[in-house]
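> Sequence below, structure please.
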Amino acid sequence: MAFLSSMNIVGSGLTAQQLRLDVISENVVNMNTTRTEGGGPYRRKMVVFESQEQRDAFRMALARSQGKLAAGELQNTGGVRIAEIVEDPSDLKLSYDPDHPDANAEGYVELPNIDLVKEITDAMAATQAYSANVTALNTLKAVTSRALEIGR
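Predicted coordinates for the structure are as follows:
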């Protein structure tokens with residue numbers, strides 16, 4: 001069962017980093033969006049991760065041995081989960097462009113609070129984390145393969 005738990009942990013990391021990359025790409029695509037359905041310019045979004053720890057592993061095993069928990073019943077196996085996707089509350093950028101259709105009375109346009117350098121840095125960090133999870137998955141596969149060879 002530890003093998004499946006390890007797979008679930010690595011899988012949760014891969015899924016979380018993929019969503020993080022998706023949110024970063026959405027931010028980059030909307031760098032110049034000055035009008036949204038909710039009104040006002042687009043606001044940068046960020047992903048908030050939350051640890052899923054296997055705190056009650058002993059209790060789960062005890063309950064399973066006493067027949068109180070079905071063997072196939074899902075349990076918290078650890079890893080990471082997405083707690084929420086939040087909007088960055090930092091100030092919007094102002095640009096003087098009196099000809100822009102979204103300019104205010106003084107001629108300023110509110111632009112999204114997105115910094116391309118910050119987004120590229122976040123994307124690089126997410127890519128490195130994703131790569132680390134792939135390495136962990138490949139190591140887990142190699143260990144499992146070797147364990148299966150012992151039985152030959």
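> quick one: least confident helix or strand in this protein?
Sorting the helices and strands of the chain by mean pLDDT, DSSP states H and E puts helix 57-65 at the bottom, at a mean of 67.
> Tell me which helix or strand comes right after that one.
Note on helix 57-65: by DSSP states H and E, the next helix or strand toward the C-terminus is strand 79-87.
> can you list contacts of that next one?
Here strand 79-87 makes contact (CB atoms under 8 Å, 6 or more residues apart in numbering) with 8-13, 16, 19, 23, 43-52. For every residue, glycine as well, the C-beta is placed using N, CA and C.
> For the helix or strand following that strand, give the mean pLDDT please.
The helix or strand immediately downstream of strand 79-87 is strand 93-96, counting by DSSP H and E. Strand 93-96 carries an average pLDDT of 94.
> Partner strands of whichever helix or strand comes after strand 93-96, with direction?
Remark: after strand 93-96, the chain's next helix or strand is strand 108-111, criterion DSSP H and E. Its sheet considered, strand 108-111 pairs with strand 93-96 (antiparallel) by DSSP bridges.
> All set, thanks.
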